[in-house]
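Student: Fold the following.
(one chain, ligands or ions: 1)
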Amino acid sequence: MSAGAPPPLATPLTELVGVRHPIVQTGMGWVAGPRLVSAAADAGALGILASATMTPVQLRSAIREVKSRTDRPFGVNLRADAGDAAERVGIIVSERVRVASFALAPSKKLIARLKDAGVVVIPSIGARRHAEKVASWGADAVVVQGGEGGGHTGNVATTVLLPQVVDAVDIPVIAAGGFFDGRGLVAALTYGAAGIAMGTRFLLTSDSTVPRTVQARYLEAAVNDITVTTKVDGLPHRMLRSELVEALERSGRTAALLTAVRHAASFRKLSGLSWPQLLRDGLAMKKNGRELSWSQVLLAANTPMLLKASMVDGRTDLGVMASGQVAGLIEDLPSCAELIDRIMAEAHRTLADLPR
Ligand SMILES: Cc1cc2nc3c(=O)[nH]c(=O)nc-3n(C[C@H](O)[C@H](O)[C@H](O)COP(=O)(O)O)c2cc1C
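Tutor: Next up, the predicted model:
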C-alpha cells in the first residue's frame with residue numbers, strides 16, 4: 001500500500017480472507033505467478049496464484065516464493081477436475097495457504113478437506129445452479145464470472161448473472177467479468193456482491209510478467225477486437241482476435257486435431273503428466289457435463305501451450321491471448337499499488353457523489 005492510500009471498504013470478503021480491499025486478482029494460467037500475486041497482496045487485494053500450468057513441485061516452490069515476498073494472505077487456483085487435484089490440495093494445506101480458488105466446481109470431499117484444514121474455499125462459477133451446488137457443499141464464497149470476462153466464459157452478462165446469483169445463495173458473492181475501476185466496484189457492491197475479481201486488469205499492470213509487446217497488443221485492442229471462439233479447446237473461450245484465431249476459425253477438423261495432438265504432446269512433456277493422466281483429465285471434463293468429443297479432449301491440452309506461447313514467450317503470432325472485453329477500455333500499465341489506490345479512491349468518490 002502506498003502512502004496516503006484511500007481508506008478500506010469492509011465487506012464480507014475482506015472479513016472472510018483478511019485483506020484490506022474487496023478486490024481479487026484472479027488466477028490466470030502463466031500470468032498469475034509469484035511476482036504479480038505478491039504485488040497484488042501487498043497492495044491490499046487478494047492475490048491468487050495460478051497452478052494449473054505448474055507441476056506440483058513448481059506449485060510448492062511458487063507458494064514459498066510468494067511467502068518470501070509478502071506476509072499478506074493469498075490464494076491458489078487449481079482445476080477441480082485435474083487428476084492430481086488431491087495432491088495439490090495437500091500442498092495448499094501443508095503450506096498453510098489462506099484461500100483455495102477453483103476453476104469449476106470442486107467435489108464435496110475436496111471442499112470438506114480444505115475447510116477442515118482451515119483453508120477458505122472460493123470456487124469460480126458461471127451459472128446460478130453451480131453457485132447453489134457449491135454453497136450447499138460448504139464453499140465459503142463464490143466468484144461469479146459473467147460472459148464479458150476473459151478466458152473460458154459463459155454467455156450471460158455480469159449485469160444479469162450477478163443479481164441472479166446474489167439472490168440464490170447466502171454466502172459472499174464476488175463479481176467478475178468486465179471490472180477495471182472504482183465505479184465498477186461500487187456497482188458490484190450495489191448489486192449485493194462482496195467485492196470484485198479482475199483478470200485482464202491485473203494482466204495489464206507493470207507488476208505482470210507478461211512481455212511488454214504482448215501487453216501492447218491488449219492496450220491497442222478495441223472492445224470489438226475481443227472475441228469468443230470454441231476452436232482452441234472446444235469450449236467458449238474469450239480472447240483477443242488475432243491471426244491465429246482467424247486461422248483456427250478457418251481450419252478444418254483434421255488440421256485442428258493434428259495441431260491439438262502436437263500441443264498435447266508438448267504439454268505432457270512440460271507438465272510431467274503421463275498420457276493416461278492427461279486423458280483422465282480430459283475424461284473428467286467430459287464427466288463434468290461438458291459435451292466434448294474425443295478430439296476436443298485432446299484439444300483441451302491446446303490451451304496451456306497456446307497461452308504459454310504468448311504470455312511467457314511473447315509470441316503474439318502463435319499464442320492465445322485470453323482477454324476480457326474490458327481490454328478495450330484499458331489504456332495503461334499501472335503498478336498493482338497504483339491500480340488499487342486509484343480504484344479505491346474512485347469508489348469512495350463515486351459513493352460520495354451518488355444522488356440522494
Ligand atoms: C490470460 C488469462 C488466463 C486465465 N486463466 C485462468 C485460469 O487458469 N483459471 C481460472 O480459473 N480462470 C482463468 N482466467 C479467468 C480469470 O481468472 C477471470 O475470471 C477473468 O479474467 C475475469 O474477467 P476479466 O478479464 O473481465 O477481469 C483467465 C483469464 C485470462 C485473461
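Student: What distance do you get for V121 to V186?
Tutor: The gap separating V121 from V186 is 27 Å, by C-beta to C-beta, to the nearest Å. Quick note: C-beta positions are derived from backbone N, CA and C, even for glycine.
Student: Compare neighbour counts for those two and give me the winner.
Tutor: V121 (24 against 21; other C-beta atoms under 10 Å).
Student: Just give me how far the host helix or strand of that one sits from the chain centre.
Tutor: Per DSSP states H and E, V121 falls inside strand 120-125. Strand 120-125 has its C-alpha centroid displaced from the chain centroid by 11 Å (C-alpha atoms, centre = their mean, to the nearest Å).
Student: same check, this time on stretch 61-71
Tutor: Taking mean C-alpha positions (C-alpha atoms, centre = their mean), stretch 61-71 and its chain are 19 Å apart.
Student: Indicate each strand paired with the strand holding V121 and its parallel or antiparallel sense.
Tutor: The strands that strand 120-125 pairs with in its sheet are strand 99-103 (parallel), strand 142-145 (parallel) (by DSSP bridges).
Student: What parts of the stretch 101-250 of the chain come near the ligand?
Tutor: Counting by C-beta under 6 Å from any ligand atom, the stretch 101-250 of the chain comes close to the ligand at 103, 124, 145, 148-151, 176-179, 198-201, 203.
Student: So which of those sit within strands?
Tutor: Using DSSP state E, the members of those that fall in strands are A103, S124, Q145, G151, A176, M198.
Student: Just give the closest residue to the closest residue to the ligand within the chain, not the sequence neighbours.
Tutor: At 2.1 Å from the ligand, G199 is the closest residue in the chain, using C-beta to the nearest ligand atom. The shortest distance from G199 to any non-neighbouring residue, by C-beta to C-beta, 6 or more residues apart in numbering, is to T26 (4.4 Å).
Student: Compute the distance between that neighbour and T350, please.
Tutor: Distance from T26 to T350, by C-beta to C-beta: 23 Å.
Student: list the buried ones in stretch 148-158?
Tutor: For stretch 148-158, the neighbour count (16 or more other C-beta atoms under 10 Å) marks E148, G149, G150, G151, H152, T153, G154, V156, T158 as buried.
Student: The stretch 201-350 of the chain: helices as residue ranges?
Tutor: 212-220, 243-250, 253-271, 275-287, 294-299, 302-311, 336-353 (DSSP state H, counting those that start in this stretch).
Student: These: lowest mean pLDDT?
Tutor: Per-stretch mean pLDDT for the helices of the stretch 201-350 of the chain is lowest at helix 294-299 (a mean of 56).
Student: re the thing from before, give me the next element, helix or strand, following the strand holding V121.
Tutor: Moving toward the C-terminus from strand 120-125, the next helix or strand (DSSP H and E) is helix 128-136.
Student: buried set for stretch 312-324?
Tutor: Residues V312, G314, R315, T316, G319, V320, M321, A322, S323, G324 are the ones in stretch 312-324 that count as buried (16+ other C-beta under 10 Å).
Student: mind giving me CSV with those and columns for distance to the ligand and pLDDT?
Tutor: As requested, those are exported to CSV (distance: C-beta to the nearest ligand atom, whole Å; pLDDT from 0 to 100):
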residue, distance to the ligand, pLDDT
V312, 11, 95
G314, 14, 94
R315, 14, 90
T316, 13, 90
G319, 10, 85
V320, 8, 91
M321, 7, 96
A322, 4, 97
S323, 5, 98
G324, 3, 98
